[in-house]
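In: got a structure for you, letters missing:
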């Protein structure tokens, strides 16, 4: 990767120079305003909970297997000795748990939750594939102080591991707490490992490298029951509404967080599912640990609040400076030709 030889002094020097020279502080405010306009096209996914059976014949569901196989070369490789960073004396280190597939981790970007719920006198066993929702106006991307996240032309919300400091602001503003952090890896180790950052955040990126080649996400191809449908968002949303009507069911993701690119179809209300997931979360070995999301219904977008707007305006200049500095450094090192 381009930053392997990047020193703290060199990074800061190029960051400040690029930020000032490019007038990023002002121009990035325009980016905040533009980001507030949700984009309707790009791709979307429908996950039909009436069709997902959790792959009972497999130890690990096929969608999870496919995701791990597709992304294994991009999983973190942390330093042997990870320093503490002030003022914390803890770090999120998932080494030794690389094979854990029952929650989201830096090594597991999708997993399947299992719940049993009662609705209208009937019992349902539901299997719920979980990963990034890929929001239309993602607070995670717009509030990253290091400009480490962006939305691609396909609509995928992606994290640049070369620029992420692992501050976890993205996870704080995500209604589902999706991004997972691994310490001991990333740019912060080259800049100020004792003072800033905490690693790199990892999550589903909608198989962005595959999309760039005209392919569909690995989980979509791997599902044996056709429970995951992928295509242009407007078409997928239309299919989701039609399917929900067919089963007299419910849609999740159309309005949550201002709208997402992931739609779940269920025969039972998502308020019932959310309650069941909260009970399952309470049973986890460490209930407060991230990586086991619930399904809050109708949750709003932080960027629509006064605090969210104010923070986005304050963070935008800083994010722009870091992005410009990183771009300048990559350009100098020929990094624009690199492929991650």
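Out: Thanks, I have the structure now. All values derive from a computational prediction rather than experimental measurement.
In: could you pull out the strands for the protein?
Out: With DSSP state E as the criterion, the chain has strands at 43-48, 111-119, 122-130, 149-151, 157-159, 180-182, 200-202, 228-232, 250-252, 262-266.
In: can you redo those strands as a markdown table with distance to residue 70 and mean pLDDT?
Out: From N, CA and C alone the C-beta is placed, and that goes for glycine too. Conversion of those to a markdown table gives the following (distance: least, CB to CB, whole Å; pLDDT from 0 to 100):
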| stretch | distance to residue 70 | mean pLDDT |
| --- | --- | --- |
| strand 43-48 | 15 | 98 |
| strand 111-119 | 15 | 98 |
| strand 122-130 | 15 | 98 |
| strand 149-151 | 20 | 94 |
| strand 157-159 | 14 | 98 |
| strand 180-182 | 17 | 96 |
| strand 200-202 | 13 | 97 |
| strand 228-232 | 14 | 98 |
| strand 250-252 | 25 | 98 |
| strand 262-266 | 18 | 98 |
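In: Can you say which of those strands is nearest to residue 88?
Out: strand 180-182 (12.0 Å; CB to CB).
In: show me what contacts residue 269?
Out: Going by CB atoms under 8 Å, 6 or more residues apart in numbering, residue 269 touches 119, 250, 297.
In: Now list the buried members of the residues you listed.
Out: residue 250 (16 or more other CB atoms under 10 Å).
In: follow-up on the earlier one: tell me which of the strands of the chain sits nearest to residue 287.
Out: Residue 287 sits nearest to strand 111-119 of all the strands of the chain, at 14.2 Å, using CB to CB.
In: for the closest one, packing partners?
Out: Judged by 3 or more CB pairs under 8 Å, 6 or more residues apart in numbering; DSSP states H and E, strand 111-119 is in contact with helix 62-71, strand 122-130, helix 270-282.
In: what would these look like in CSV with mean neighbour count and distance to residue 239?
Out: Listed next are the helices and strands packed on strand 111-119 as CSV, based on neighbours: other CB atoms under 10 Å; distance: least, CB to CB, whole Å:
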stretch, mean neighbour count, distance to residue 239
helix 62-71, 20, 19
strand 122-130, 17, 17
helix 270-282, 17, 18
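In: In CSV: the ones you listed, plus distance to residue 191.
Out: Formatted as CSV, the helices and strands packed on strand 111-119 follow (distance: least, CB to CB, whole Å):
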stretch, distance to residue 191
helix 62-71, 26
strand 122-130, 33
helix 270-282, 35
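In: between these, which gets nearest to residue 292?
Out: Of all these, helix 270-282 comes closest under CB to CB, at 5.1 Å.
In: which other residues reach the closest one?
Out: Residues from elsewhere that reach helix 270-282 (CB under 8 Å, 6+ apart): 113-117, 119, 126, 128, 250, 252, 264, 266, 287, 292-297.
In: and these, which are buried?
Out: 113, 115, 117, 126, 128, 250, 252, 264, 266, 292-296.
In: Switch those residues over to CSV; also include distance to residue 46.
Out: Listed next are the buried ones among the contacts of helix 270-282 as CSV, based on distance: CB to CB, whole Å:
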residue, distance to residue 46
113, 17
115, 19
117, 20
126, 15
128, 13
250, 13
252, 11
264, 8
266, 12
292, 23
293, 18
294, 20
295, 15
296, 20
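In: for the contacts of residue 269, which one is nearest residue 165?
Out: residue 297 (32.7 Å).
In: before we move on, the earlier item: now for the buried ones among the contacts of helix 270-282: which two are most distant?
Out: Maximum pairwise distance among the buried ones among the contacts of helix 270-282 (CB to CB): 21.7 Å, between 250 and 292.
In: where does the stretch 201-340 of the chain dip in pLDDT?
Out: 308-340 (pLDDT under 70).
In: Apply 50 and report the result again.
Out: 336-340 (pLDDT under 50).
In: Show me where it has its helices.
Out: 208-212, 218-222, 233-246, 270-282, 306-333 (DSSP state H, counting those that start in this stretch).
In: contacting residues around residue 167?
Out: Shown in contact with residue 167 (CB under 8 Å, 6+ apart): 145, 146, 196, 197, 198.
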